[in-house]
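[1] Next comes the sequence, and after it the predicted model I'd like to discuss.
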Amino acid sequence: MSEAPTILFAGGGTGGHLFPGLAIAECVLEERPAANARFLCSERPGDAEMLRAERLGNKPVEFVPIPAQPFSLRPKPMMKFLSHWGKAVRAARAEITAARASGNPVIVVAMGGFVAAPVVQAARVEKCPVVMVNLDATPGRANGWIASHAVKVLTAAAVEGRPWEVIPPIVRRAAHAPGSAAECRRRLGMEPDRPTLFVTGASLGARSINQFLMAFVEAHAQDLRDGGWQVIHQTGKSDTEELRAVYNSARIAACVQPFFREMGVAWGAADLAVSRAGAGSVAEAWCNRVPTVFLPYPFHSDQHQKRNAQPLVAAGAAVMATDEVDPGANMRSAAPVVLALLQDRDRRNAISGALHALGPTDGARRAARVVLQIR
């Protein structure tokens, strides 16, 4: 490959598609400093917010929103998908054409989801090679279609019946703990020597997890205080002020934010986590060796978040509970699981040891090297 290829990363809608792409882009630029990395994302405001906050090679991330829409069998969303498909393909073709003007090769890296599909269609028309990176244990419709048009398919989770190359989890640099637990806690303004619970519903937050923690703190404030626990809580855009008030009323020290850009600081500070089970969250818990109670998103028809976390659960490297959505139901099902781990340091240590035994999370480096070999 030329010394200055352009890599177009296609994905968006959530951080779960964007952040792994950023992780691979970081490694691409380390392996080939003259390369160019550019992102084609959705028009959702959250995509632009996340990408504007990031940097690659000490420069702002280059990105272009395209008018892609999610596929749906419901009439109105289907009409929206169809009416935007051609526009999204044309926008992606324009980006491929512009990138080729330099005379250097262009590679599309499809990170999955509704943004990637029209970009891959554009790549087909323009005869531009595609590398697909699958993240979930159960691929969606888009990835099933994209895989048939890719010159190489990588997957960060083994997928039954698919002969795709399995690579380790993909974790961006900002999600790696930058120091010891005490150092990470200090960076968040927390006590360096106190046990710390980290709660996250991933980049967009999870309302049901937020409401569960409100109920949990109100019911178990004394248990948290007796154990000396402090809390880091990523809420998403809802419930932030209400949760701050709940922790304050319960006299529990807490750092509550809608979003942590440097997720590694939050993971690095944690002795225990409660988290969604998107591929990115599972990878980050694994990377930072944090014992985690995973509460998979309950409304996916294929329940792929359960499948994402299952290998860790099977290895004794995580615990999974069911998000019953209703706070009262979660207090009956998930609360005993969380409380038991808060009170059992030996079990937390055993889970952390099992995470260490799973091996490295260097999938981004592996993927970058594959991409740079494409001709």
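    Looks like it arrived, so ask away.
[2] drop to CA atoms for contacts and neighbour counts, all remaining ones
    Noted.
[3] Quick check: most distant residue from the centroid of the protein.
    Ranking residues of the chain by C-alpha distance from their mean position (Cα atoms, centre = their mean) puts Gly103 at the top, at 33.9 Å.
[4] For that one, which three-state class applies?
    Following DSSP: H, G, I helix; E, B strand; the rest coil, the label given to Gly103 is coil.
[5] for the one 5 residues further on, same thing?
    Following three-state DSSP, Val108 is assigned to strand.
[6] Leu82 versus the residue farthest from the centre of the chain, what's the distance?
    Going from Gly103 to Leu82 by Cα to Cα, to the nearest Å gives 33 Å.
[7] same thing with Asn104?
    On the measure of Cα to Cα, Asn104 and Leu82 end up 33 Å apart.
[8] and if you look at Val115?
    Applying Cα to Cα to Val115 and Leu82 gives a distance of 13 Å.
[9] What count of nearby residues applies to Phe71?
    Look at Phe71: counted by other Cα atoms under 10 Å, it has 18 neighbours.
[10] That one contacts Ser83, correct?
    No: the criterion here is Cα atoms under 8 Å, and Phe71 misses it with Ser83 at 11.3 Å.
[11] ok, the nearest residue to Val115 once chain neighbours are set aside - contacts?
    Leaving aside its sequence neighbours, Val115 sits nearest to Gly11 (Cα to Cα, 6 or more residues apart in numbering; 5.0 Å). Taking Cα atoms under 8 Å, 6 or more residues apart in numbering, we find Gly11 in contact with 17-18, 21, 39-42, 110-116.
[12] at 7 Å instead, please
    In this structure, Gly11 makes contact with 17-18, 40-41, 110-113, 115-116, judged by Cα atoms under 7 Å, 6 or more residues apart in numbering.
[13] got a pLDDT number for it?
    pLDDT, Gly11: 94.
[14] so how far is Trp164 from it?
    For Gly11, the distance to Trp164 (Cα to Cα) stands at 19 Å.
[15] Would you check how far apart Lys306 and Gly228 are?
    Applying Cα to Cα to Lys306 and Gly228 gives a distance of 31 Å.
[16] Could you check which of those two has the larger neighbour count?
    Shown here are Lys306 and Gly228; by other Cα under 10 Å, Lys306 has more neighbours (25 against 14).
[17] Hmm, the more buried one is touching Leu295, no?
    No: using Cα atoms under 7 Å, Lys306 is not in contact with Leu295, being 8.3 Å away.
[18] hey, what's in contact with both of these two?
    Both Lys306 and Leu295 are contacted by Ala277, under the criterion Cα under 7 Å, 6+ apart.
[19] what's the angle from whichever strand or helix holds Met79 to strand 106-110?
    Per DSSP states H and E, Met79 falls inside helix 75-100. Put simply, helix 75-100 runs at 150 degrees to strand 106-110, going by axes from the mean of the first three to the mean of the last three Cα atoms, to 10 degrees.
[20] Which parts of the stretch 1-150 of the chain are helices?
    With helices called from DSSP state H, counting those that start in this stretch, the stretch 1-150 of the chain shows them at 15-31, 45-52, 75-100, 116-126, 141-147.
[21] likewise the stretch 201-350 of the chain?
    Counting by DSSP H, counting those that start in this stretch, the stretch 201-350 of the chain has helices at residues 207-226, 240-249, 263-269, 279-288, 304-314, 327-333, 335-342, 345-357.
[22] Okay, buried residues for the second one please.
    I take that to be helix 240-249. Judged by neighbour count using 16 or more other Cα atoms under 10 Å, the buried positions of helix 240-249 are 240, 243-244, 246-247.
[23] Run the angle between it and helix 207-226 for me.
    With the same axes, to 10 degrees applied, the angle from helix 240-249 to helix 207-226 works out at 20 degrees.
[24] tell me the mean pLDDT for helix 240-249?
    For helix 240-249, the mean pLDDT works out to 96.
[25] same check, this time on the third one
    On average, the pLDDT along helix 263-269 is 97.
[26] list the helices and strands it packs on?
    When contacts are defined as 3 or more Cα pairs under 7 Å, 6 or more residues apart in numbering; DSSP states H and E, helix 263-269 packs onto helix 181-187.
[27] which helices and strands does the helix it packs on pack with?
    Contacts defined by 3+ Cα pairs under 7 Å, 6+ apart place helix 181-187 against helix 263-269.
[28] If we go by neighbour counts, what in the helix it packs on is buried?
    In helix 263-269, counting by 16+ other Cα under 10 Å, buried: 263-269.
[29] Switch the residues you listed over to TSV; also include distance to Gln373.
    Below are those laid out as TSV (distance: Cα to Cα, whole Å):
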residue	distance to Gln373
Met263	31
Gly264	30
Val265	33
Ala266	35
Trp267	33
Gly268	34
Ala269	37
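[30] Between which two of these is the distance greatest?
    Using Cα to Cα, the buried residues of helix 263-269 span at most 10.0 Å, a distance reached by Met263 and Ala269.
[31] Which residue of Val115 and Leu82 possesses the greater neighbour count?
    Neighbours were counted for Val115 and for Leu82 using other Cα under 10 Å; Val115 has more, 31 against 16.
[32] measure the more buried one to Tyr247 for me?
    Per Cα to Cα, Val115 is found 38 Å from Tyr247.
[33] same deal with Asn36?
    Separation of Asn36 from Tyr247 (Cα to Cα): 45 Å.
[34] what stretches of the stretch 151-300 of the chain score poorly on pLDDT?
    203-205, 299-300 (pLDDT under 70).
[35] Apply 80 and report the result again.
    Confidence mapping of the stretch 151-300 of the chain against pLDDT under 80 gives the ranges 202-205, 299-300.
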